[in-house]
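Engineer: Got a predicted structure here, sequence first:
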Amino acid sequence: MKLNIFKTADEVLASLAEYFAQVAKKAIEDNDRFSVALSGGSSPKKLHELLVSKYHDKIEWEKVYFFFGDERDVPLTDPQSNYLMAKQTLFDPLGIDPSHVFPVQTHLGAEEAAKDYTRNLIRFFDGHNACFDLVILGLGDNSHTASLFPHTPVLTDESASVQALYIDEVKMNRITFTAPLINNAHHIAFLVYGEGKAEAVKHILEDAKDIPNYPAQLIKPHGKGDLQWFMDEAAASKLKNK
């Protein structure tokens, strides 16, 4: 694991964008494609905009395939949809071929959408364990990542799959990658900035293991997988070891 800590959020985003480009370049050189699972929420929006403005001609976008680490159980046209945010800030500006984008089919209902997404992953990875080149993750104030929320049954799911769950905290169904699926990735990157995240960062990186309360502690890539955190000093402010 590597911690990348910068003074400002803009520096964090610039570093992660460069990391994205490097991982993409290597994956395309090795396998002629780059598979990435995007994060939801508001933080990645600025990352997408930076990729569009600075890396439009530096990445072979026609060889990139986009997935979603989690999704809200809302229509794809809903303002809360992670897919819609990515479509508006990344796919449309870059002219990404829709066949290279894998939205969660929320119209099927959460349970069936999760099963459908798992089947899509099996097809994409030719029946092998889904192993993304890069998974981008955020971190909630309550130490959740993707839709792995505290005290939810999905935290003990040992399958590398996509699961549906109802999260009482937000009164909503979610569809999410399980921790084993995330941990299969070659590269995992946390994007975290702001003082409001400092307590959660400390829980995940330095506190005793307590998965029910701090679900993001589950994220530990298998084998030679690479885990990197991209944070500003505010988010890292409560860490003792930086």
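Structural biologist: Received the coordinates, thanks.
Engineer: For the rest of this, base every contact and every neighbour count on C-alpha atoms.
Structural biologist: Noted.
Engineer: can you pull out the strands in the protein?
Structural biologist: Assigned by DSSP state E, the chain shows strands spanning 2-6, 34-38, 64-68, 70-72, 134-137, 162-167, 172-177, 187-192, 226-232.
Engineer: between those, which one is nearest to Phe20?
Structural biologist: strand 134-137 (7.9 Å; CA to CA).
Engineer: In terms of secondary structure, what does that closest one contact?
Structural biologist: Helices and strands touching strand 134-137, by 3 or more CA pairs under 8 Å, 6 or more residues apart in numbering; DSSP states H and E, are strand 34-38, strand 187-192.
Engineer: Could I get the ones you listed in a markdown table, plus columns for mean neighbour count?
Structural biologist: Formatted as a markdown table, these follow (neighbours: other CA atoms under 10 Å):
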| stretch | mean neighbour count |
| --- | --- |
| strand 34-38 | 23 |
| strand 187-192 | 23 |
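Engineer: what's the closest of those strands to Ala234?
Structural biologist: Nearest of these to Ala234, taken as CA to CA: strand 187-192 at 9.6 Å.
Engineer: In this structure, spot the helix with the most residues.
Structural biologist: For the chain, the longest helix by residue count, based on DSSP state H, is helix 9-31.
Engineer: Contacts for that one, please.
Structural biologist: For helix 9-31, contacts defined as CA atoms under 8 Å, 6 or more residues apart in numbering pick out 4-6, 33-34, 46-47, 50-51, 55, 58-60, 63-64, 133-134, 187, 189, 191, 193-194, 230-232.
Engineer: now those: which count as buried?
Structural biologist: 4-6, 33-34, 46-47, 50-51, 55, 59-60, 63-64, 133-134, 187, 189, 191, 193, 230-232 (16 or more other CA atoms under 10 Å).
Engineer: What about the nearest residue to Pro79 once chain neighbours are set aside, how many residues nearby?
Structural biologist: In this structure, Pro79 finds its nearest non-sequential neighbour in Met85, 7.5 Å apart by CA to CA, 6 or more residues apart in numbering. The tally of other residues near Met85 (other CA atoms under 10 Å) stands at 21.
Engineer: Hmm, Met85 is touching Lys45, no?
Structural biologist: Yes: in this structure, Met85 is within contact of Lys45 by CA atoms under 8 Å, at 7.2 Å.
Engineer: Quick check: neighbours shared by those two?
Structural biologist: With the criterion set as CA under 8 Å, 6+ apart, the contacts of Met85 and Lys45 do not overlap.
Engineer: how far out from the middle of the chain is stretch 160-168?
Structural biologist: 15 Å (CA atoms, centre = their mean, to the nearest Å).
Engineer: Please save the CA atoms from it in CSV.
Structural biologist: C-alpha atoms of stretch 160-168 as CSV (Å, rounded to 0.1, in the frame of the first residue of the first chain):
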residue,chain,number,x,y,z
ALA,A,160,-16.4,-12.1,-6.1
SER,A,161,-19.7,-10.8,-7.4
VAL,A,162,-22.2,-7.9,-7.5
GLN,A,163,-24.9,-7.8,-4.8
ALA,A,164,-28.0,-5.8,-4.0
LEU,A,165,-28.8,-4.6,-0.5
TYR,A,166,-31.1,-2.2,1.3
ILE,A,167,-29.2,0.4,3.3
ASP,A,168,-31.4,1.8,6.1
